[in-house]
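Trainee: what's the 3D shape of this:
(one chain, ligands or ions: 1)
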Amino acid sequence: MPTAARAPSLWLAPHAKEVRGIEVVPEAIEDARRNARQNGAAGASFYVGKAETLLPEWIRAGFRPDVIVVDPPRTGCDRALLTAILAAQPKRLVYVSCNPSTLAKDCKMLLEGGGFRLDSVQPVDMFPQTAHVECCVVLVRNGR
Ligand SMILES: C[S@@+](CC[C@H](N)C(=O)[O-])C[C@H]1O[C@@H](n2cnc3c(N)ncnc32)[C@H](O)[C@@H]1O
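Mentor: This is a model prediction of the structure:
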């Protein structure tokens, strides 16, 4: 179960055999490892690198996650990451976004890539009185 690095990994760890977190900032990975130790999240491991580099490597090596969680910057996910997600065919993809336009663009590619259907879209008004909105989208594998 690869995820955005820190918070989601720790919440998910008790429910999964294995959780892998990816993050480009090394200090964030150190924090994640420390948090995992302090919270007894033994199945969580964390990797410094780009998700669009590491996930395709893992998929080529046979890694098949049940669930993928992404929480990208405002620019959205790299195309190579979306391609790797399509190849991995997880049962569920949870996409947390702070930019509805890149979220829509990435979901279009994922839905047109086949294999997924849209399950839910949940905006969260974390920044009242501003134009910003967080949004959580769940895509599920077709046939589920
Ligand atoms: C919106 S924040 C999400 C933070 C995340 N929820 C967490 O708990 O660590 C986006 C994060 O993606 C990281 N990031 C940016 N580009 C990345 C990439 N290509 N691969 C992996 N992480 C990336 C940023 O450093 C930032 O911490």
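Trainee: quick one: what helix or strand has the residue lying farthest from the centre of the chain in it?
Mentor: Distance from the C-alpha centroid of the chain peaks at Q129, with 27.7 Å (Cα atoms, centre = their mean). If you go by DSSP states H and E, Q129 is not part of any helix or strand.
Trainee: Quick one, grab the pLDDT at L10.
Mentor: Looking at L10, its pLDDT reads 87.
Trainee: Looks to me like it is in a helix.
Mentor: Yes. Residue state for L10 (DSSP: H, G, I helix; E, B strand; the rest coil) corresponds to a helix.
Trainee: Relative to the ligand, how far out is it?
Mentor: 9 Å (Cβ to the nearest ligand atom, to the nearest Å). Any C-beta I mention is one placed from the backbone N, CA and C, and that applies to glycine too.
Trainee: I'd guessed that residue sits against R37; true?
Mentor: No. Using Cβ atoms under 8 Å, L10 is not in contact with R37, being 10.7 Å away.
Trainee: how near is the residue farthest from the centre of the chain to S101?
Mentor: Q129 is 20 Å from S101, where distance means Cβ to Cβ, to the nearest Å.
Trainee: Please name the nearest non-neighbouring residue to V94.
Mentor: Nearest non-adjacent residue to V94, counting by Cβ to Cβ, 6 or more residues apart in numbering: V69, 4.5 Å away.
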